[in-house]
Structures are given as C-alpha cells and as structure tokens.
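**Q** fold the following for me, if possible:
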Amino acid sequence: MYQVDLNSDIGESFGNYKLGLDEEVIKHVSSVNVACGWHAGDPMVMQKTVELAVKEKVSLGAHPGYPDLIGFGRREMKVTFEEAKNYIKYQIGALWAFVQGKGIKLQHIKPHGAFYNMAAKDRELAMAIAQGIYEVDSDFILVGLAGSELTKAGKEVGLKVANEVFADRAYNPDGTLVSRKKEGAVIHDVKVAISRVLRMVKEGKVEAINGEDIFIQADTICVHGDNPQAVSFVNTIRNALQKEGIEVTSMGSFIK
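**A** Numbers count the residues shown, from 1 in each chain. The predicted structure is shown next:
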C-alpha cells in the first residue's frame, strides 16, 4: 500500500492577531508544523496549538523561521553557519517545552518561509540546519523540499528525511518551486492539483512548468488551510488519496 503524510503549518497567530483556520484544517491532516515564536506564534498560541494537536491526535513538528515577525519570516536574511544552527536549536527548545509538558514527542522539524527556501538551494545553510537538528535529537525527521540541498544535508548528517511536495504549486525543471511572482506558479484548479498529487505519490513524477516530466519523491504533502476554500481543498485531497488506496498517515509511521 502507498503511504503519504499530509502536513500543514499552524499556530501562526500572534497576540490579538488571528491567522489561519487551525481548528478546521487539523481535522484533515496527519502532521502539523507549529510556529515557534520567531516568524509567528507566541507562548499562549504555542500552548493552545499543542493542546489542539494532542486532542486531534496528529503528530507534531517544529516550524522554525528567521527572527522576522514583521515580514512573517518570508524575507531573506544573511546569517552565519553558527547563527543558523543556533536559531534552529533555540526554536526547537521553545516548542519542546510545551510538548514535554503534555508527555508527547516532537516528530519532525520543518523550516519556515525564507529559511526553508534558501536552504533548498544553499548547501551551507542546509548543513547548518541539519546539524542543528541532529545535535538536539538525531531521531527527529527533517522535512525539506523533495530532492533539495536541505534533504541531502539531512541524509548526510544522519537524520531521517521526509521529502515534501506541494499540491498547489508549479515546479521548475530542476525540482524547485516556481516563484509566486511568475504566472502559473500557483495551481487553482482542484482537479489538476489532485491529479498531480496522485501521480507524485504513485509514479514519483510531476510535470514541470515547461511540460517536462521530472522525478520527485513524495513522503509528505504540504496543504494550506488559511481560508475556507483551502480547508475544503485539503479535505478533497485527502478523500482522493484514500479512494486511490493511498493511506494518509503521519510520516513517523513509515520513515525509519
């Protein structure tokens, strides 16, 4: 049987500002990535989000980003190797405290925003992230863009790795995501998105924006749930996967 994880970024509210529909999207995924307070989230939000994940019985992961609340962690930053490594450690530790208080474990680490996207191409940054994770707990799963420098670095340092794919994003021939600034970068047709997801999981292939088929490994699918249409989209994808005999389950159950 084919197996795949569905993950979503949650816990990204901050103080009086509410972002996302966490209570809805969490019902349709198998793993969640929780903001650790640097690009979004705060202690109260982190506690509430961990409690929600425990209640809904989904696996938890840390979602560390750059220290950039105003830019939501989407602005590129130039940091040293040691800074990047310690940024990861600090944020894992913050979320770990809330998780520990519930007597459960962190399953994975998925960098956020510019941290994630830059590490997909920058080997030095990718190695800093991977080493930082390994030094905290070598049993964590590192989630990164499928076939990227980040997943390569994870394997090199000895971490378990989950290759992530995106249901609603177009790919370049080299396996990177097409910039949102370019036409066709985001796929709005649900039927097209589902067709692409099924092919990624079952065939290990996806059609790049130039029409060329490229190989891709899909261990976990990122789905967004920050508006009502997106939540419906997540549910539709999960149902389509299950109808095709693909088991939706947390990545920790099949990545060893």
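
**Q** how about residue 123: what's its closest non-neighbour residue?
**A** residue 149 (4.8 Å; C-beta to C-beta, 6 or more residues apart in numbering). All C-beta spots, glycine's among them, are computed from the backbone N, C-alpha and C.

**Q** quick one: contacts for the one you found?
**A** 119, 120, 121, 122, 123, 126 (C-beta atoms under 8 Å, 6 or more residues apart in numbering).

**Q** and with 10 Å instead?
**A** Shown in contact with residue 149 (C-beta atoms under 10 Å, 6 or more residues apart in numbering): 118, 119, 120, 121, 122, 123, 124, 125, 126, 127, 129, 130.

**Q** so which of those are in strands?
**A** Among these, DSSP state E puts none in strands.

**Q** may I ask you to name the longest strand in the chain?
**A** Across the chain, the strand with the greatest residue count (assigned by DSSP E) is strand 2-10.

**Q** may I see the buried residues of that one?
**A** Within strand 2-10, the residues that qualify as buried are 3, 4, 5, 6, 7, 8, 9, 10, counting by 16 or more other C-beta atoms under 10 Å.

**Q** and what of stretch 133-146?
**A** Buried residues in stretch 133-146, counted by 16+ other C-beta under 10 Å: 133, 134, 136, 140, 141, 142, 143, 144, 145, 146.

**Q** which one of those residues is nearest to residue 179?
**A** Taking C-beta to C-beta as the measure, residue 179 lies nearest residue 145 of the buried residues of stretch 133-146, at 13.7 Å.

**Q** still on that earlier bit, is it possible to get a markdown table of the buried residues of strand 2-10 that adds distance to residue 210?
**A** Listed next are those as a markdown table, based on distance: C-beta to C-beta, whole Å:
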| residue | distance to residue 210 |
| --- | --- |
| 3 | 30 |
| 4 | 26 |
| 5 | 28 |
| 6 | 28 |
| 7 | 28 |
| 8 | 29 |
| 9 | 29 |
| 10 | 34 |
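
**Q** OK, contacts around the nearest residue to residue 38 once chain neighbours are set aside?
**A** In this structure, residue 38 finds its nearest non-sequential neighbour in residue 67, 4.8 Å apart by C-beta to C-beta, 6+ apart. Counting by C-beta under 10 Å, 6+ apart, residue 67 makes contact with 37, 38, 39, 73, 77, 79, 83, 87, 90, 91.

**Q** and of these, the nearest to residue 98?
**A** Among these, and counting by C-beta to C-beta, the member closest to residue 98 is residue 37, at 10.5 Å.

**Q** would you map the strands across this structure?
**A** In the chain, the strands defined using DSSP E lie at 2-10, 31-35, 59-63, 108-109, 141-145, 160-166, 205-207, 213-215, 220-222, 246-248.

**Q** I'd assumed residue 209 was in contact with residue 173.
**A** Yes - look at residue 173 against residue 209 with C-beta atoms under 10 Å: they come within range, at 7.8 Å.

**Q** low-confidence ranges in this structure?
**A** Along the chain, the parts satisfying pLDDT under 70 run over 227.
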